[in-house]
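Student: Give me a 3D structure for the following:
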Amino acid sequence: MLRSSWALTNYVCVSESEDPDKATLPLSNYIHAAGGVKPVVTTLLKYIRRITRDAIAVKEPRSWTTHDESVILLHLYTTGLKFSFLFLQTISRQDASCRAQLIRQGSVRTVVDAITQVSPRILVQANRELDFHPEMGLAERQNVLWSGYSYIASAIRDADDGVTSVCQAIDAGLLQTLTNALVCPAHANRRDHPPRGRMGDIELLFLLPTFFIYHRVVQSITRHWYFVQCFSREKPEIRDEGLGIALELVLTSTIDAMKHRNVGPINAHLYRCSGPGCSMRVSKFVSKKRRCSGCLISIYCSEKCQRTAWRNGHKKWCQVLRCTIGPWGSREIRTSLQVIAGFETSTISGMVKKVETLVREAQQQFPDFSNTLVLMLDMTVYPPESHVLPVHMLEQFPGEDPMWPEIAAEIRQRSDSPPKGYMFSVVKVHLGNSTFTLFSPSTALRMAFEGQYFLDDEVYDSVDEDETDDSKTLGDQDLGYDSE
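Tutor: Just a heads-up that it's a prediction; the model follows:
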């Protein structure tokens, strides 16, 4: 009883500090009294792991009734687990240092593990008396899990680096855990289904695909490729139709993400040196590869190839890629342009009629700017939304980038978007609590790489190893080894 009430006590104390009508100490005082952020986080995660072990150690109930000792113990432990999840969410919301420390210490992984172990014990359809009980009923038992899902969603949505949280969740088996939950209600052949409760699992599921455009997330998905394939081939028994439909859509999106990472011919730069005329494959120089730190895409086997490429066009195309991302672009986005471009191309090609309608509506709404319309794909939501609006109305206006005027016309001319009344497409993405607008990634990648690889009999300007005239021009272009 004492162990299960510990989380409730802490949650009530901390959550009341958010109420302006109550005179309570702020969270910082609580953290200071407990010894600092790290001890608080460590103790809380240890408690979650301990109470999870206690819950799964409870003996199987002899009779699923409200008076059964095992049912009561299971209720106490899972209630403690629920308030632990709420406590995690509260301190994460109130204190940025707590939020970052929780992610560093693997809080998402810990919560997914707890849900995975506890869900088979509590997602049990027993009888009408217990399933509809106001405190021990199936809806309340589901709320234990959905409190955990809500924390995972907040950890992803509010973080500076939501990609790390998504990778933790996928690597911990979140998709498999949600699949196992499909066998939960409703009861077969019964009209009096227990209420489903909150939609924490579905909300989390629709948040995950907004991060499938990132290379690191696709790598985590690839490690679980066997599970995705099995789910596609062998449909499990689905009693929760809402969750089943959402999960099927998300798993389909994982397959799309893996396909977009291998779209040709753009991805040739992933497998061979980007130096003109150099046919050496990355596997031959993996320990000494050099990556351009301007675009973070081109890979070179030597300094000679890097300088040769710079003189033969990469100086211009590197700016194209940097302009696509803008001066605000992060490394996570730069290294994921391949996947983002794939989603951009496939989405536009699948909604031609809709785009035509959006363009007509935008021309009527903005008659003075009909020649400067752009198509924006909002990938911060799932399914992605599309809008057509004047370029100056974008949240991150490209005119702020000094490189933009030099290449805007060429991007417009070579845009892969159909000539339906807009200049080019832009893609809106997020990394958690920050959003970014990317300017036609598919077009920029194609411009930068489709003419980069020369045939053996073509002539290109070679540069000697000891030539250093362009060392200052290279600027940020990395001459050191790749850190990956």
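
Student: For R49, the count of nearby residues, please.
Tutor: Other residues near R49 come to 13 when the count uses other Cβ atoms under 10 Å. Heads up, the C-betas are built off the backbone N, CA and C, glycines and all.

Student: roughly how far apart are it and E241?
Tutor: The gap separating R49 from E241 is 33 Å, by Cβ to Cβ, to the nearest Å.

Student: check contacts around the residue lying closest to K82 once chain neighbours are set aside.
Tutor: Distance criterion Cβ to Cβ, 6 or more residues apart in numbering; nearest residue to K82, sequence neighbours excluded, is V144 at 4.4 Å. Listed by Cβ atoms under 8 Å, 6 or more residues apart in numbering, the contact set of V144 reads 78-79, 81-82, 85, 118, 122.

Student: Just the element for V144, please.
Tutor: Using DSSP states H and E, V144 maps to helix 138-157.

Student: Just the buried positions in the longest helix anywhere in the chain, please.
Tutor: Assignment by DSSP state H gives helix 69-94 as the longest helix of the chain. Under the neighbour-count criterion of 16 or more other Cβ atoms under 10 Å, helix 69-94 has 71, 73-94 buried.

Student: Same check on stretch 382-393?
Tutor: 382, 384, 388-391.

Student: Inside strands: which ones of those?
Tutor: Those of the buried residues of stretch 382-393 mapping onto strands are 388-390, per DSSP state E.

Student: what's the spacing between the closest residue to V166 other than its chain neighbours and R93?
Tutor: Distance criterion Cβ to Cβ, 6+ apart; nearest residue to V166, sequence neighbours excluded, is F211 at 4.4 Å. Separation of F211 from R93 (Cβ to Cβ): 20 Å.

Student: Could you do P384 as well?
Tutor: P384 is 27 Å from R93, by Cβ to Cβ.

Student: Next: V144.
Tutor: Counting by Cβ to Cβ, the gap from V144 to R93 is 20 Å.

Student: Same check on S386?
Tutor: Look at S386 and R93: by Cβ to Cβ, they are 32 Å apart.

Student: pretty sure V112 is touching I152, no?
Tutor: Yes: contact criterion Cβ atoms under 8 Å: V112 and I152 qualify, at 7.0 Å.

Student: anything in contact with each of these two?
Tutor: Contact with both V112 and I152 is made by residues 169, 174, according to Cβ under 8 Å, 6+ apart.

Student: who has more neighbours, these two?
Tutor: Using other Cβ under 10 Å as the criterion, V112 and I152 rank with I152 on top: 29 against 25.

Student: Cross-check the contact I'm expecting between that one and S165.
Tutor: Yes: at 7.3 Å, I152 counts as touching S165 under the criterion of Cβ under 8 Å.

Student: Next, show the common contact partners of those two.
Tutor: V108.

Student: just so I have it, where are all the strands in this protein?
Tutor: Under the criterion DSSP E, strands of the chain are mapped to 290-291, 299-300, 373-378, 385-390, 425-430, 435-439.

Student: what is the rounded mean pLDDT of stretch 388-407?
Tutor: In this model, stretch 388-407 carries a mean pLDDT of 66.

Student: again, but for stretch 360-379
Tutor: Taken as a whole, stretch 360-379 has an average pLDDT of 90.

Student: Quick one: residues in contact with that stretch.
Tutor: Contact partners of stretch 360-379, identified using Cβ under 8 Å, 6+ apart, comprise 210, 213, 340, 343-344, 347-348, 355, 358-359, 384-392, 394, 417, 421-429, 437.

Student: same question, stretch 112-120
Tutor: Applying Cβ under 8 Å, 6+ apart, the contact partners of stretch 112-120 are 48-49, 52, 55-56, 78, 81, 144-145, 148-149, 152, 168-169, 172-174, 176-177, 180-181.

Student: quick one: contacts for the residue nearest the centre of the chain?
Tutor: The centre of the chain sits closest to F211, judged by Cα atoms, centre = their mean, with a distance of 2.4 Å. Going by Cβ under 8 Å, 6+ apart, F211 touches 156, 162-163, 166, 217.

Student: Next: L389.
Tutor: By Cβ under 8 Å, 6+ apart, L389 lies in contact with 362, 366, 373-374, 376.

Student: Among these, which one has the most neighbours?
Tutor: Ranking these using other Cβ under 10 Å puts V374 first, with 25 neighbours.

Student: coming back round to it: so for the longest helix of the chain, mean pLDDT?
Tutor: For helix 69-94, the mean pLDDT works out to 89.

Student: Could you do stretch 441-458 as well?
Tutor: What stretch 441-458 shows for mean pLDDT is 60.

Student: Could you do stretch 166-184 as well?
Tutor: Looking at stretch 166-184 alone, the average pLDDT works out to 84.

Student: CA atoms only for stretch 39-49, dumped as PDB, please.
Tutor: This file holds the C-alpha atoms of stretch 39-49, laid out as PDB (Å, rounded to 0.1, in the frame of the first residue of the first chain):
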ATOM      1  CA  PRO A  39      18.500  11.800  -8.200                       C
ATOM      2  CA  VAL A  40      14.800  12.700  -8.800                       C
ATOM      3  CA  VAL A  41      14.800  11.100 -12.300                       C
ATOM      4  CA  THR A  42      16.900   8.100 -11.200                       C
ATOM      5  CA  THR A  43      14.600   7.400  -8.200                       C
ATOM      6  CA  LEU A  44      11.400   7.800 -10.300                       C
ATOM      7  CA  LEU A  45      12.600   5.400 -13.100                       C
ATOM      8  CA  LYS A  46      13.700   2.900 -10.500                       C
ATOM      9  CA  TYR A  47      10.300   3.100  -8.800                       C
ATOM     10  CA  ILE A  48       8.500   2.400 -12.100                       C
ATOM     11  CA  ARG A  49      10.700  -0.600 -12.800                       C
END
